[in-house]
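J.: Predicted model follows, preceded by the sequence.
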Amino acid sequence: MKCILKSPILFTFIFTLISLFGSAQPPLNLGSTPNVICKDSTYTITWSGGASTDTVRIYLADIVAFTSELYIGQNLPNTGSFTWTAQAGIFGLGLKQFYIENTIRTRWDYGSHFNLIQCCNATYATIYDTACGQAISPSTNYIWNQTGIYLDTLTNTGGCDSIISYHLTINSSDTTLLNQTACGSFFWGVNSTNYLTTGVYFHTISSTHGCDSVLQLNLTVQNSTSANLIQVACHQFVSPSGNFTWNTTGVYQDTILNSWGCDSVISIQLTIHSLVTYDTLSPVACINYISPSGLYTWSSSGTYTDTIPNQFNCDSIITIHLTIGYPSVSSIHITTCENYSSPSNNHLWTSTGIYHDTLTSQTGCDSIIIVHLTINTISTSTLNLTSCHPITSPSGNYLWQQTGTFLDTVSNAMGCDSIITALVIINPQHLTQFTVSSCDFYTSPSGNHIWNNTGVYFDTLTNVFGCDSILEINILLNQSSFDT
């Protein structure tokens, strides 16, 4: 049995060798293959390419077994077609592919995978049916309750599908609802009955299909209504029906039809005014202003007049002293430290640059501000300080009395914080106490004093750190005596 599923690496190697030695010809190319081919059906295999002197042969290969299983044709031309009556090889039905090669096996190709299956011959039929309410499909798999064309599938005598197109007409035993509102009474023509009260009424009729049709009347019987209306008008008032015009204060009656078609009697308590009122407004607006009545749009400052209805539906004449503003643009120059919050507080800028910010003016217009911003930075430095006494910090805010590392803040030349790290060394002062005896007088260790009386005295020297070394000296003086 010959294996035809060649390694892609081996194929590439062989093709490269042929190309290098100048004997390469166009490769063989199988035509496209369908996804499914039915056993015992005819299928035309096409191919092209190769050398004109080639003869080719075609195999059927089994994908699972990874080998060829059936000769399809041989001694065929390099380009052409072959009609094959689909048969299974030794591996039976399943996943297959075609393989073609020339007789000297220097060119080949293999087609896409397809399923070789046993196919049936389906049959088709059409049924026309009429049912009342619902119908059960011939296969009993479906229940249809609407008119339509349906598909159902049975198994025919050959064991294949028998597909049925089922043209179904459903005649229903239905209930028809009639919602009716009437004034006083309602005459129902289907049963020649006059109903005077609200209720649900039924009538049954038989249709031509033998299914009952039930008519359900949901009846609402309405009566005349009445209403009271308090109305204020200017000069005159037209009644709701449009039949009357009244120009004096009083109580009037009018009749219209309500939503059910019945009389609705309206008692109108009418107050007639003839008062014109006046008012003054001083609005401020941006670019333009729409008048209170909505009839005018003004785009420049000035004094205007508008009219709207007042509370009595009479004219309210408004004098409008209008101020119109416009958007503005301005520039500011800011120098600050570390960051800057924009005039609107909507932005926080941390680097030097030119920025834009927007405020709202008193007229409601945009005020665009161009900000020329310079951001200066915080500086740092280190100081080494040595002293025999407590040290006052450069800012004057601290007094350092012991050795250590301290922080202080002053303003630098740009007005920003200058943070100073101070490395402080406080050298100690020493106090030394001792007692000496001397004759007549005693000169202090520093040489700055001469003491000629017994007592406790103090003297100051400089120690190895350059600080004061204080001496407390208890002096005992003895007077010299002279022999005569």
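T.: Received the coordinates, thanks. Every value quoted in this text rests on a predicted model; they were computed, and no experiment measured them.

J.: residue ranges with poor pLDDT in the stretch 1-150 of the chain?
T.: Within the stretch 1-150 of the chain, the stretches with pLDDT under 70 are 1-26.

J.: Can you show me the strands along it?
T.: 28-30, 36-38, 42-49, 55-62, 67-77, 80-85, 94-102, 108-110, 114-117, 123-132, 135-136, 143-144, 148-155 (DSSP state E, counting those that start in this stretch).

J.: could those strands go into JSON lines alongside distance to Leu461?
T.: C-beta here means a position set from N, CA and C on the backbone, and glycine is covered the same way. JSON lines is the format used below for the strands of the stretch 1-150 of the chain (distance: least, CB to CB, whole Å):
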{"stretch": "strand 28-30", "distance to Leu461": "113"}
{"stretch": "strand 36-38", "distance to Leu461": "117"}
{"stretch": "strand 42-49", "distance to Leu461": "115"}
{"stretch": "strand 55-62", "distance to Leu461": "114"}
{"stretch": "strand 67-77", "distance to Leu461": "113"}
{"stretch": "strand 80-85", "distance to Leu461": "125"}
{"stretch": "strand 94-102", "distance to Leu461": "111"}
{"stretch": "strand 108-110", "distance to Leu461": "111"}
{"stretch": "strand 114-117", "distance to Leu461": "115"}
{"stretch": "strand 123-132", "distance to Leu461": "131"}
{"stretch": "strand 135-136", "distance to Leu461": "128"}
{"stretch": "strand 143-144", "distance to Leu461": "123"}
{"stretch": "strand 148-155", "distance to Leu461": "123"}
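
J.: So for Val190, which of the ones you listed sits nearest?
T.: Among the strands of the stretch 1-150 of the chain, strand 123-132 comes nearest to Val190, with 21.7 Å by CB to CB.

J.: Show residues contacting the closest one.
T.: Applying CB atoms under 8 Å, 6 or more residues apart in numbering, the contact partners of strand 123-132 are 135, 138, 156, 158, 160-173, 209-211.

J.: Pull out the buried positions in it.
T.: Neighbour counts using 16 or more other CB atoms under 10 Å place Ala131 of strand 123-132 among the buried residues.

J.: Between strand 148-155 and it, find me the angle.
T.: Here the directions of strand 123-132 and strand 148-155 differ by 130 degrees (axes from the mean of the first three to the mean of the last three CA atoms, to 10 degrees).

J.: Tell me where this structure has helices.
T.: 8-20 (DSSP state H).

J.: Which segments of it make up each domain?
T.: 8-117, 123-171, 175-222, 225-273, 277-325, 328-376, 379-426, 430-478 (automatic domain parsing).

J.: returning to what we had before: would you mind telling me which of the strands of the stretch 1-150 of the chain is nearest Val284?
T.: Here strand 148-155 is closest among the strands of the stretch 1-150 of the chain (CB to CB), at 70.3 Å.

J.: pull the CA atoms of the closest one into CSV?
T.: Extracted as CSV, the C-alpha positions of strand 148-155 are listed here (Å, rounded to 0.1, in the frame of the first residue of the first chain):
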residue,chain,number,x,y,z
GLY,A,148,-49.7,28.6,7.2
ILE,A,149,-47.4,26.4,5.1
TYR,A,150,-45.3,24.0,7.3
LEU,A,151,-42.7,21.3,6.6
ASP,A,152,-42.8,17.9,8.2
THR,A,153,-40.5,14.9,7.7
LEU,A,154,-41.4,11.1,7.6
THR,A,155,-39.3,8.1,6.6
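
J.: Which other helices and strands does that strand contact?
T.: Helices and strands in packing contact with strand 148-155 are listed as strand 161-171; criterion 3 or more CB pairs under 8 Å, 6 or more residues apart in numbering; DSSP states H and E.

J.: Tell me the helices and strands packed up against the strand it packs on.
T.: Strand 161-171 makes packing contacts with strand 123-132, strand 143-144, strand 148-155 when contacts are defined by 3+ CB pairs under 8 Å, 6+ apart.

J.: now the last one against strand 161-171, angle please.
T.: Spelled out, that is strand 148-155. Computed by the same axes, to 10 degrees, the angle between strand 148-155 and strand 161-171 is 150 degrees.

J.: ok, back up a step: I'd like the helices and strands packed on strand 161-171 as JSON lines, with distance to Gln97 appended.
T.: Converted to JSON lines, those look like this (distance: least, CB to CB, whole Å):
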{"stretch": "strand 123-132", "distance to Gln97": "32"}
{"stretch": "strand 143-144", "distance to Gln97": "45"}
{"stretch": "strand 148-155", "distance to Gln97": "32"}
